[in-house]
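Visitor: using only what follows, build the 3D model:
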Amino acid sequence: MSPSANESEEMIVGISNLISNSTTGLWEDFPVGSYSIVRNPVLTFDQNIIWPDGGTQPSTDIRINWLNCPFSYRQIQDSDKGEAIYYSIIAFWTALGLATSLIYISKYWSLSFPIIQDKREIKFRDWLAVFSLLIETLQLLALSPEFIHSKISNGFDYISGNLANTTTYYSKIFWPGIYTALIVCLVMLIFNLLLIFKIEEKSRLSFLVVACGIAKELLPHISNLFFISVINSLFSLFRCTKGTSLNVLDSFLYGDCNYFCWKDLHLLFAVLALISLPFFIPSAILWRPYYESLSSDKNIYCNEHYLIAKSIIQIVAITLKSTIGNYSNSLYSLLYIFCLTLFLAYSIFYKPYNYNRMNLWALLSILAVMWSSILSSIYSLANSSIFIWVHLLSFGWLCLAVFGYAFQERFYPNFLYSVQGKDISLFFRFEFSTKIKPDEVSEAVKNKYSVIDSSSRFDSANKDLSFIS
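Guide: Numbers count the residues shown, from 1 in each chain. Have a look, this model is predicted:
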């Protein structure tokens, strides 16, 4: 029987808890509440729900949109004015970021670094370059289409510092993500002011001199680690695309429906975000390549054009995910894969690093992200077991890892070595044992430190870094 419209609105739907009985092997259902669209709240529970972990409290990764809002679900409607403001703000800051990147890439950085072809001692900053490549890969994964498994996706988000995406699953992280983004912007502002006004040269206060040194070291890494998360989080502050009426002041914050937009607390944070974005975006894009021209105590350098191109790809991906990604995951998947393809072609043409092994893994990291994006896109359209796609993802990444290792061992020799320190145990044995002779100690020390000739190492380093002067 097909009920009428009025009957369907007044109809109460029972909610049952389906539990598997391990003794009988059968499923049993227990009534726990009811649902009615005309009531407020729409859900009423008479009994505690037994969740999969056996407890009565819901897991922290469960979010039911609009359930705990201070208004009825039936009042929610699209806010055309809220959407117009949201898209206008994103379009403006995206245009600013792209314009800044194009100015930087066309006028300021055209330096090239000689490819490393001789043995050198690896430095701490070289390890930072390797770590940055790993973070870059995780950031690209965090921007990829909705991942095959939400917990895997959230893991990439947390590790890469992309806290904004985790609000899809953890509503409690929304405001801490906003606070973090604003604090990062404030720290970058203070550091930039210290360097712009050359406080290090003008001040005699030791703590200001130390602060300037810390600023030079941290600004590039802050720009890399928090670039996506800050922009994504501040963009989410303007997502007021739903409301309880056509009035823009009745639109509510998508990340937390307890706050109405453009008044009270939201207005304060919106103003702070509007002040922070025009400063943060150009500053973060600038410091990525500028760091390469300042830093000399390292061997691995990154092409400035590549760094700015990476900023462009990330800005475009953030924009697409914040707009098209909210409505069509499939369309966003195709556009993101297209962007990654362009980025891959650019990385092949303009070598990202002056070290062939790093160039190889930079390309493979992009391919790994493309592989996961392709599988996620197909999975969203296919009706099959999730384990098939997880296995395909793992198999593809394993093949890329094996290929990369075999290729670098065959074609790209390792020119960076760690100089081993003194063998302390050998000295102790020499001191307390009669079996170790002085000649053995001196020979062991000689062998350990003959891996790299120090004079030739520093001569080659000075030669390669002569462009800085």
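Visitor: element containing residue 90, please.
Guide: Per DSSP states H and E: residue 90 is located in helix 80-107.
Visitor: mean confidence score for that helix?
Guide: Averaging pLDDT along helix 80-107 yields 90.
Visitor: how far away is residue 29 from residue 369?
Guide: Separation of residue 29 from residue 369 (C-beta to C-beta, to the nearest Å): 43 Å. For glycine as for every other residue, the C-beta is placed from the backbone atoms N, C-alpha and C.
Visitor: which neighbours does the following helix or strand past the helix holding residue 90 have in its sheet, and in what orientation?
Guide: Sequence order places strand 120-121 as the next helix or strand after helix 80-107, per DSSP H and E. Note on strand 120-121: by DSSP bridges, its sheet partners are strand 416-417 (parallel).
Visitor: average pLDDT for the partner strand, rounded please.
Guide: 90.
Visitor: domain map for this protein?
Guide: 1-59, 73-411 (automatic domain parsing).
Visitor: quick one: mean pLDDT for the shortest one?
Guide: Spelled out, that is domain 1-59. Here the average pLDDT along domain 1-59 is 67.
Visitor: quick one, strands of this structure?
Guide: For the chain, the strands defined by DSSP state E occupy 13-20, 27-35, 43-45, 77-78, 120-121, 242-243, 251-253, 256-260, 416-417.
Visitor: who's in contact with the last one?
Guide: When contacts are defined by C-beta atoms under 8 Å, 6 or more residues apart in numbering, strand 416-417 is touched by residues 116, 119-122, 126, 299-300, 355, 451-452.
Visitor: repeat for the fourth one
Guide: Taking contacts as C-beta under 8 Å, 6+ apart, the residues outside strand 77-78 that touch it are 241-246.
Visitor: from the residues you listed, pick the one nearest residue 365.
Guide: Of all these, residue 241 has the smallest distance to residue 365: 33.9 Å, by C-beta to C-beta.
Visitor: any idea of the pLDDT on that closest one?
Guide: 92.
Visitor: how about the contacts made by it?
Guide: 78-79, 82-83, 86, 251, 254, 326.
Visitor: mind running it again at 7 Å?
Guide: When contacts are counted by C-beta atoms under 7 Å, 6 or more residues apart in numbering, residue 241 touches 78-79, 82-83, 86, 254.
Visitor: residue 29 and residue 369: which has the busier surroundings?
Guide: Shown here are residue 29 and residue 369; by other C-beta atoms under 10 Å, residue 369 has more neighbours (24 against 11).
Visitor: relative to residue 257, how far out is that one?
Guide: 33 Å.
Visitor: distance check, residue 335 against residue 322.
Guide: 13 Å.
Visitor: looking at those two, which is more packed in?
Guide: residue 322 (21 against 18).
Visitor: I'd say that one and residue 235 touch.
Guide: Yes: under the criterion of C-beta atoms under 7 Å, residue 322 makes contact with residue 235 at 5.1 Å.
Visitor: the nearest residue to residue 29 once chain neighbours are set aside - how many residues pack around it?
Guide: Nearest residue to residue 29, sequence neighbours excluded (C-beta to C-beta, 6 or more residues apart in numbering): residue 16, at 4.1 Å. Around residue 16 there are 13 other residues, counting by other C-beta under 10 Å.
Visitor: distance of residue 16 relative to residue 28?
Guide: Using C-beta to C-beta, we find residue 16 at a distance of 9 Å from residue 28.
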